[in-house]
Each structure stands twice: as C-alpha cells, then as structure tokens.
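Chemist: Everything below, folded, please.
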Amino acid sequence: MSELRVVVGALICNSLDSPTKVLAARRTKPEVLAGRWEFPGGKVEADESPQEALRRELREELGVDATIGRELTPQAGGMWPISETYGMRLFYAEIGSQLVVLDGSHDEVLWVAANDLQTLPWLPSDEGALPYVFA
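Modeler: Predicted coordinates:
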C-alpha cells in the first residue's frame, strides 16, 4: 500500500484562544463537489511543511495571511480520511479582520457558530471533524 498524500485544511476561527465561530467555504469545482462546504486548504507539496502549505493555500484561495495554531487530529490518530490516496490534516488558524478575496474555487464564505455547523452540506472528508471543532 502506498503512503497517503497529505491535504491540509484550516479551521479558521474568530479567536485561537476561545473560538466561537469557524469559517466555512463553499466549493465551486470540481462539479462533483460544487455547492458543498469545506474547511479551506489544499495539497502539501514535497518541499513544504503542512503549516507552510496551509499558509500558501490560504493566500491563494482566500487572499489572507493566517496564524496557524494547533492541529485537530482524529481520536484514532493519524489523518482525517478523504480517499484511499489522500488524508487530511486540520489546523486551527486565525486571520484577524482581513477581508477574504475568493479566487474562483469557492463562491461564498460563511462564519459558522458551533450550533450551526451541522446545518450545512459539508464535504464528507470535513464532516467527520465537525463534532470535535469546538470540543
């Protein structure tokens, strides 16, 4: 079995110290994922740490510079499953009051409180983390 490729996602919070809201982004592509919500991020390149990749992806996708915080790992350890070839690492992040500028891979962002997380149609890869985001 080959090693999983790593994807990183950002749990962008209104505060790293005491988060009450997290930023969700609605996908526009690929078509099979369009209209579903995710924690923004992307693939880690060979020469990057997960945190470096997440900073780069957030600059590219949302036009923001983020402070990266602690990682949210699954209870079983490892990564959040995406597919047989990809696993996701989620990190808390903060962007302060920066305005988000969408690059076309998302058409909307939304600050979501803990009580409202389950009301959005999330990507299956992100859905598994929802119960733990504010735990």
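
Chemist: So His25: helix, strand or coil?
Modeler: Just so we're on the same page, residue 25 is Ala rather than His. strand (DSSP: H, G, I helix; E, B strand; the rest coil).

Chemist: buried stuff in the helix ranked longest in the chain?
Modeler: Assignment by DSSP state H gives helix 50-62 as the longest helix of the chain. Neighbour-count burial for helix 50-62, counted by 16 or more other CB atoms under 10 Å, picks out 50-51, 53-58, 61-62. Using the backbone N, CA and C atoms, a C-beta is placed for each residue, glycine as well.

Chemist: Name the residues that touch it?
Modeler: 6, 8-10, 12, 25, 40-45, 48, 64-66, 68, 89, 91, 93, 95, 100-103, 105-106, 109 (CB atoms under 8 Å, 6 or more residues apart in numbering).

Chemist: Show me the helices in the protein, by range?
Modeler: 50-62, 124-127.

Chemist: show me where the protein has strands.
Modeler: Assigned by DSSP state E, the strands in the chain fall at 5-13, 21-27, 37-38, 41-43, 67-72, 80-81, 86-94, 106-113.

Chemist: Could you save those as CSV and add columns showing mean neighbour count and distance to Glu127?
Modeler: Formatted as CSV, the strands of the chain follow (neighbours: other CB atoms under 10 Å; distance: least, CB to CB, whole Å):
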stretch, mean neighbour count, distance to Glu127
strand 5-13, 23, 12
strand 21-27, 21, 12
strand 37-38, 22, 9
strand 41-43, 18, 15
strand 67-72, 15, 14
strand 80-81, 18, 10
strand 86-94, 21, 11
strand 106-113, 15, 13
